[in-house]
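> just to be clear, the model below is a prediction. Sequence and coordinates:
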Amino acid sequence: MPVCAKKYPLTRYRKSCLLAVFVFASALSGCSTLGYYRQAISGHLEVMQRRVPVDDLIAASDTPVALKRKLKLVVAARRFATRELKLPDNDSYLSYADLKRPYVVWNVFAAPELSIEPVSSCFLFVGCLSYRGFFDEDQARGFATSLAAQGNDIFVGGVAAYSTLGWFDDPVLNTMLVWDDVRIVEVIFHELAHQLLYADGDTVFNESFASAVAEIGIERWLAANDQLDTGQRQDTERQQQFYELLLEYREKLGALYAGVEDDDSKRAQKKQIFNELAAAYLVLKQRWGGYDGYDDWMAEDMNNAKLTSIATYHNYVQPIRSILESVDNDLSRFYAAMMVLESWSNEQRERCLDPSNDEIRCLDEIIDAD
């Protein structure tokens, strides 16, 4: 859902808007309602109308100093992504839109009470996703309530950035610039990675690939700028350990739900597993010397849907990173191997990247094929 500014040629504005309307309107299907697509079109056009070229803002005398600094950071990150990470070279993130709100969309995740498999929403062009996004928070929560009424666990999370997969020139948003510098640069890499590779209907593969590229990119960015210090390493290690903990307990829930016990027994054990997760998190905090950066997230209701939101973005990150290591950290060979994976079915990719395996069993096949 990219944007156009009034400073851009009217012909381009019309072309983009007409294409956006076509994409969203033609995507109507049995899995969604006209109302959902109406809000998608409306939200898209709102963002489009707010875009302003970054160069103009940097040059303007009335642009706040703090905003100028962050926009210059984005320009530098964008240049680094193209030159050093071999990510798409286009006009994405060279415009800025202030949406006057904390998030661009709110994603709704849902999973059945006794399953870790997400409730999917399917769309034309992008396939099925493990969540559904809304430009309006109230609509997102209303949809979540309807899913909860059907007996599902639900989780609603605000999203500060998004990608149109190269369909349009994606803007930098005010919602992204509230982060620290490292996080801003990392998300630019993440979103550009979506433009490089996208497998229809496999949200976990797509998000894990983008997350892996972002991790790799930020490591190289910090090293190139002599910023890779002990504190940054600690942040990265804590984040990885936190995600590993959540994914570990999600696997335990999956094993429980696949068992032969009756539903009442599974419900009781589900509660116990979440209690064990809370206790394991406290132990992890002690190892971190009391670091409490994830307390707020852990304090909210934990359920299958919330763990699904983490798995969506991180389940395959470590297997994907091991593929890069296997090709001596050569990004060209790495991307070629990932594109082989992209051509496979969801089931083939899942078997290949299964994080419970000690090694990537399909490694020779995808590297030989590149």
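Perfect, thanks for sending it.
> pLDDT weak spots in the stretch 1-150 of the chain?
1-33, 124-126 (pLDDT under 70).
> can we see that at 50?
1-32 (pLDDT under 50).
> need the pLDDT of D368.
We have a pLDDT of 70 for D368.
> how many residues are close by it?
9 (other C-beta atoms under 10 Å). C-beta: built from backbone N, CA, C; applies to glycine.
> and it, which of the three is it?
helix (DSSP: H, G, I helix; E, B strand; the rest coil).
> ramachandran angles for the spatially closest residue to V187 that is not a sequence neighbour?
Excluding its sequence neighbours, the residue lying closest to V187 (C-beta to C-beta, 6 or more residues apart in numbering) is A161, at 5.0 Å. Note on A161: backbone dihedrals following degrees, to the nearest 10 are phi -140, psi 160.
> how about A161, what does it touch?
V104, L173, T175, M176, V187, H190, E191 (C-beta atoms under 8 Å, 6 or more residues apart in numbering).
> for it, give its distance to I184.
Distance, A161 to I184, using C-beta to C-beta, to the nearest Å: 9 Å.
> anything in contact with each of those two?
Contacts common to A161 and I184, judged by C-beta under 8 Å, 6+ apart, are M176.
> ignoring the adjacent residues along the chain, who's closest to R238?
Leaving out its chain neighbours, the residue that sits closest to R238 by C-beta to C-beta, 6+ apart is W288, at 5.8 Å.
> from the chain's centroid, how far away is stretch 363-370?
26 Å (C-alpha atoms, centre = their mean, to the nearest Å).
> in it, what's buried?
L363, I366, I367 (16 or more other C-beta atoms under 10 Å).
> closest to S332 out of those?
I367 (12.3 Å; C-beta to C-beta).
> the nearest residue to that closest one once chain neighbours are set aside: which element?
Leaving aside its chain neighbours, I367 sits nearest to A337 (5.4 Å; criterion: C-beta to C-beta, 6+ apart). Here A337, judged by DSSP states H and E, is contained in helix 331-343.
> export the buried residues of stretch 363-370 to JSON lines and append columns for distance to S326.
As requested, those are exported to JSON lines (distance: C-beta to C-beta, whole Å):
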{"residue": "L363", "distance to S326": "6"}
{"residue": "I366", "distance to S326": "10"}
{"residue": "I367", "distance to S326": "7"}
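> list just the nearest of these to D136.
I366 (41.2 Å).
> all helices in the stretch 151-300 of the chain, in order from the N-terminus.
Using DSSP state H, counting those that start in this stretch, the helices of the stretch 151-300 of the chain run over residues 181-196, 203-224, 230-257, 263-287, 295-299.
> how about TSV for those helices, with mean neighbour count, distance to D56 and mean pLDDT added?
Shown next, in TSV, are the helices of the stretch 151-300 of the chain (neighbours: other C-beta atoms under 10 Å; distance: least, C-beta to C-beta, whole Å; pLDDT from 0 to 100):
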stretch	mean neighbour count	distance to D56	mean pLDDT
helix 181-196	22	19	94
helix 203-224	21	26	93
helix 230-257	16	33	89
helix 263-287	13	46	97
helix 295-299	12	37	95
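> same list, these, but as TSV with distance to K72 please.
TSV is the format used below for the helices of the stretch 151-300 of the chain (distance: least, C-beta to C-beta, whole Å):
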stretch	distance to K72
helix 181-196	11
helix 203-224	15
helix 230-257	21
helix 263-287	36
helix 295-299	31
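> for S343, find the nearest of the ones you listed.
It is, among the helices of the stretch 151-300 of the chain and with distance given as C-beta to C-beta, helix 203-224, at 11.8 Å.
> got the angle for the closest one vs helix 331-343?
Interaxial angle of helix 203-224 relative to helix 331-343 (axes from the mean of the first three to the mean of the last three C-alpha atoms, to 10 degrees): 170 degrees.
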